[in-house]
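Engineer: Coordinates only, no sequence provided:
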């Protein structure tokens, strides 16, 4: 977390994340980020992660362009 506070909702609990903290969500774990106010985050995901999660629609990018 760069700035602000975020709550990551998991099926069995909520986790509060503040500035300078980070959370690794294991592959396949359902999660829902919730911010009551503006939050600045730095997000790392594998290049193969779909930008729309498990939903496929007109916004889905199947083959993201990779920087060289």
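Structural biologist: Ah, there it is. It should be emphasised that the depicted structure is a prediction, and the values quoted were computed from it without experimental measurement.
Engineer: got the buried residues for stretch 15-32?
Structural biologist: Within stretch 15-32, the residues that count as buried by 16 or more other Cβ atoms under 10 Å are residue 17. C-beta: built from backbone N, CA, C; applies to glycine.
Engineer: which residues touch it?
Structural biologist: Here stretch 15-32 makes contact (Cβ atoms under 8 Å, 6 or more residues apart in numbering) with 1, 2, 3, 4, 5, 6, 7, 8, 9, 10, 11.
Engineer: who does the helix or strand bottoming out on mean pLDDT in the chain pair up with?
Structural biologist: Least confident helix or strand, the chain: strand 31-34 with a mean of 93, by mean pLDDT, DSSP states H and E. Partner strands for strand 31-34, per DSSP bridges, with pairing direction: strand 6-10 (antiparallel).
Engineer: What are the contacting residues of the strand it pairs with?
Structural biologist: By Cβ under 8 Å, 6+ apart, strand 6-10 touches 14-17, 23, 25, 29-36, 39, 41.
Engineer: Which pair of those spans the longest distance?
Structural biologist: 29 and 36 (22.4 Å; Cβ to Cβ).
Engineer: Looking at the contacts of stretch 15-32, which one is closest to residue 48?
Structural biologist: residue 8 (21.7 Å).
Engineer: Next one: that closest one from residue 44, what distance?
Structural biologist: 15 Å (Cβ to Cβ, to the nearest Å).
Engineer: The two - which one has more neighbours?
Structural biologist: More neighbours surround residue 8 than the other of residue 8 and residue 44, with 16 against 7 (other Cβ atoms under 10 Å).
Engineer: Specify the local secondary structure of the nearest residue to that one once chain neighbours are set aside.
Structural biologist: Sequence neighbours aside, residue 15 is the residue nearest to residue 8 in space, at 4.7 Å (criterion: Cβ to Cβ, 6 or more residues apart in numbering). At residue 15 the chain is in strand, as set by DSSP: H, G, I helix; E, B strand; the rest coil.
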